[in-house]
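Participant: Predicted model follows, preceded by the sequence.
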Amino acid sequence: MTEITRPKEGFLNVFAYRTISRDEYFVRGHRACQGCGPALGLRLIMKEAGPNTIVVNATGCMEIISSPYPYTAWNVPWIHVAFENAAAVASGLEAALKAMRKKGKLPADEKTNIIVFGGDGGTADIGLQALSGALIRGHKLLYVCYDNEAYMNTGVQGSSATPFGASTTTTPAGKVSFGQGYWKKNLVAIAAAHNIPYTATACPSYPLDLMRKVRKALDADGPTFLHMFSVCPTGWGTPPELTIRLGRLAAETGVFPLYEIDHGKYKMTLNQPEGLRPIEDYLRVQKRFRHLKEPEIEVIRKRVKEEYERLRKLEAFTQEA
């Protein structure tokens, strides 16, 4: 039987050998919508990162809701930058801190976490070039894409992370269109192609998994990337109280599998011995998918199954290597 350790002062014991800080670094009072998935994720990420952290935040929902002048929801140093250059600014920040340590202006052994937050628009689309540059140059930082699958802050326009078939204001469902006409961009595969030490998918619906991955990413020797699935009730047309359930349904149906790539080795982090849930369980509760008919659903079902099986094969292959 595993011994449960006594919680340290200032920490809340979750289960054996896992604690969560009571301190808050992304605090209440922000302007996020009810049931906002990205806001839930940011709170958990910042709890794991702790106070010795600098945040670089691209323009987007989380920037807008957390920094209405003269207020802020951040209890750490925070920099707002443009859509396209969050990773570039973080790269410069990392280089500056390194130079200051070398010159003796900062303690040589001081560790400062640099975390970048960008939405799917600011990551998969507008900021992809800067992200690629930061990863290939090897800057030690963690980039988190909070993916709510459209440009939610400006009116639910489609992005390259919008799922196939989803109706948005720029890919509306109608007589000549069934919604988004191409498949969601695989950001983790793109990040992994830069040979970085760690990248993973995550979701606030699985808080301990998310925080464990944040810790692994921050402790890695080099740049890291997290693709965080982030439910948006406003843009998806879902009840706010279903945010956590929807995140779980995305993982359980295989729409957004939870896995990590640690130094080239794939590992599924959500075991489903009974197999994937029916795709309809996830699609039918969202307004953006209500127009889909069985032929379109079958196309999505087939693609999801193929991609999930591909990940399982990669896991088996890389774990054996």
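Facilitator: Alright, I've got the coordinates. All figures in this text were calculated on a predicted structure; none of them were measured in a lab.
Participant: so who does residue 47 touch?
Facilitator: Residue 47 makes contact with 20-21, 23-25, 211 under the criterion C-beta atoms under 8 Å, 6 or more residues apart in numbering. No exception for glycine: its C-beta is placed from N, CA and C like everyone else's.
Participant: repeat that for 6 Å
Facilitator: residue 21 (C-beta atoms under 6 Å, 6 or more residues apart in numbering).
Participant: Give me the average confidence score over the host helix or strand of it.
Facilitator: Using DSSP states H and E, residue 47 falls within helix 37-49. Taken as a whole, helix 37-49 has an average pLDDT of 97.
Participant: Where do the strands of the chain begin and end?
Facilitator: For the chain, the strands defined by DSSP state E cover 11-15, 18-21, 53-58, 78-81, 113-119, 142-147, 198-202, 224-229, 259-262, 265-268.
Participant: picking that back up, quick check: angle from the helix holding residue 47 to strand 53-58?
Facilitator: 160 degrees (axes from the mean of the first three to the mean of the last three C-alpha atoms, to 10 degrees).
Participant: now the longest helix along the chain and strand 198-202, what's the angle there?
Facilitator: Scanning the chain for the longest helix, with DSSP state H as the assignment, gives helix 294-320. When the same axes, to 10 degrees is applied, the directions of helix 294-320 and strand 198-202 differ by 140 degrees.
Participant: And the strands of the chain: which comes nearest residue 289?
Facilitator: If you check each of the strands of the chain against residue 289 by C-beta to C-beta, strand 224-229 wins as the nearest, at 15.6 Å.
Participant: just how off-centre is the closest one within its chain?
Facilitator: Remark: strand 224-229 is offset 4 Å from the chain centroid, using C-alpha atoms, centre = their mean, to the nearest Å.
Participant: Repeat that for stretch 72-88.
Facilitator: Using C-alpha atoms, centre = their mean, the offset of stretch 72-88 from its chain centre is 16 Å.
Participant: Do me a favour and get the end-to-end distance for it?
Facilitator: One end of stretch 72-88 to the other measures 23 Å (C-alpha to C-alpha, to the nearest Å).
Participant: And it, what's buried?
Facilitator: Within stretch 72-88, the residues that qualify as buried are 73-74, 76, 78, 80-81, 83-88, counting by 16 or more other C-beta atoms under 10 Å.
Participant: if I look at the nearest residue in space to residue 225 that is not next to it in sequence, how far off is residue 53?
Facilitator: Spatially, and ignoring its direct neighbours in sequence, residue 225 is nearest to residue 191 (3.9 Å; C-beta to C-beta, 6 or more residues apart in numbering). Residue 191 sits 21 Å away from residue 53 when distances are taken as C-beta to C-beta, to the nearest Å.
Participant: quick one, which of those two is more surrounded?
Facilitator: residue 191 (25 against 22; other C-beta atoms under 10 Å).
Participant: Surely the more buried one touches residue 199?
Facilitator: Yes. Here residue 191 reaches residue 199: they are 4.4 Å apart, a contact under C-beta atoms under 6 Å.
Participant: Now do the shared contacts for these two.
Facilitator: Taking C-beta under 6 Å, 6+ apart as the contact rule, residue 191 and residue 199 both touch residue 225.
Participant: okay, the residue nearest to the spatial centre of the chain: pLDDT?
Facilitator: Residue closest to the average C-alpha location in the chain (C-alpha atoms, centre = their mean): residue 228, at 1.7 Å. The model reports residue 228 with a pLDDT of 98.
Participant: can you pull the contacts of it?
Facilitator: 41, 144, 146, 202.
Participant: Kindly report the same for residue 287.
Facilitator: So residue 287 contacts residue 237 (C-beta under 6 Å, 6+ apart).
Participant: about what we covered before: residues of the longest helix of the chain that come out buried?
Facilitator: Residues of helix 294-320 classed as buried by neighbour count (16+ other C-beta under 10 Å): 296-297, 300-301, 303-304, 307-308, 311, 314-315.
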